[in-house]
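Peer 1: Predicted model and sequence below, questions to follow.
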Amino acid sequence: MAELTTFDVASIDEMANAPQQVGTLEAVKAKVLVLGDEHSLQSIRVELSSEADLFFHYMHVIDEAGFLAIQEQQKLMVEFADYPNVLIRMLNNCIKEPHSHLAVFVMKQDVDARLDFIQNMEYKFVELMSCHFIRSPEEIVQHQITFRYNAVKTRLNMMQSRLEDVNNLVKLKNPSLLLQLQKSTTSGHLMGGR
């Protein structure tokens, strides 16, 4: 089971001796991965990444023992088997109802971070749940960057092939139109256009 969703997160850097916290709002992609099936869930991994920063990649990995500790600390009323669906529901709430549901990603100076899910009750902000994240190791970040680069490269090749097919069709059906299109794109390049 995997859910890929993009939501806005307010990111805050916590520095050891910083008097103020610096925050930015940016779109973050979340991927929820589950090891095992519904009846025998072994572990859950949530990956956060950003198109704006290719090196931003954090993971939240938890098994049942780790979840029990969080469940007790945060007084959660859900079981481990329901945890992935709760995470997905919270992420989707941040997308569908950004005025009332917030996700705040707090980064420390080292590799630690946390994602706080907060609900705006109009008169009070209530922290619903908090997830501990760690910065992904360099090799995972490099792998993700390579994968994303190859995906864009493949998409570009497909679009160039599609453009060539359209050009061939226009050349066959209406050669003068193709010449006119080629002239207008060439003159656009010369005039500082695309």
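Peer 2: Structure's in. What do you need? Residues are numbered from 1 along each chain as shown.
Peer 1: Start from the N-terminal end of this protein and give the strands.
Peer 2: Taking DSSP state E, the strands of the chain run over residues 2-13, 22-36, 41-49, 57-63, 101-107, 112-120, 125-135.
Peer 1: by contact count, what packs against the longest one?
Peer 2: Helices and strands touching strand 22-36, as assessed by 3 or more C-beta pairs under 8 Å, 6 or more residues apart in numbering; DSSP states H and E, comprise strand 2-13, strand 41-49, helix 83-96. No exception for glycine: its C-beta is placed from N, CA and C like everyone else's.
Peer 1: weakest of these by average pLDDT?
Peer 2: Comparing mean pLDDT across these, the lowest value falls on strand 2-13: a mean of 50.
Peer 1: tell me which residues in the longest helix along the chain are buried?
Peer 2: The residue-count maximum for a helix in the chain (DSSP state H) belongs to helix 138-173. Within helix 138-173, the residues scored as buried using 16 or more other C-beta atoms under 10 Å are 141, 144, 170.
Peer 1: now do stretch 99-108
Peer 2: For stretch 99-108, the buried set under the neighbour-count rule, 16+ other C-beta under 10 Å, comprises 101-107.
Peer 1: could you redo those as a markdown table and give each row pLDDT?
Peer 2: Listed next are these as a markdown table, based on pLDDT from 0 to 100:
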| residue | pLDDT |
| --- | --- |
| His101 | 92 |
| Leu102 | 89 |
| Ala103 | 90 |
| Val104 | 89 |
| Phe105 | 89 |
| Val106 | 88 |
| Met107 | 87 |
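Peer 1: what's the spacing between the residue nearest to the spatial centre of the chain and Tyr83?
Peer 2: When C-alpha atoms, centre = their mean is applied to the chain, the residue found nearest the centroid is Lys29 (0.9 Å). With the distance defined as C-beta to C-beta, to the nearest Å, Lys29 ends up 20 Å from Tyr83.
Peer 1: ok, back up a step: so what's the residue nearest to the centre of the chain bridging to?
Peer 2: With DSSP bridges applied, Lys29 shows beta-bridge pairing to Thr6, Ser49.
Peer 1: Kindly report the same for Val104.
Peer 2: Ala10, Asp116.
Peer 1: how near is it to Asp53?
Peer 2: Between Val104 and Asp53 the distance is 17 Å, computed by C-beta to C-beta.
Peer 1: related to what we said a few turns ago, any idea how far the longest helix of the chain is from the middle of the chain?
Peer 2: What separates the centre of helix 138-173 from the centre of its chain is 21 Å, taken as C-alpha atoms, centre = their mean, to the nearest Å.
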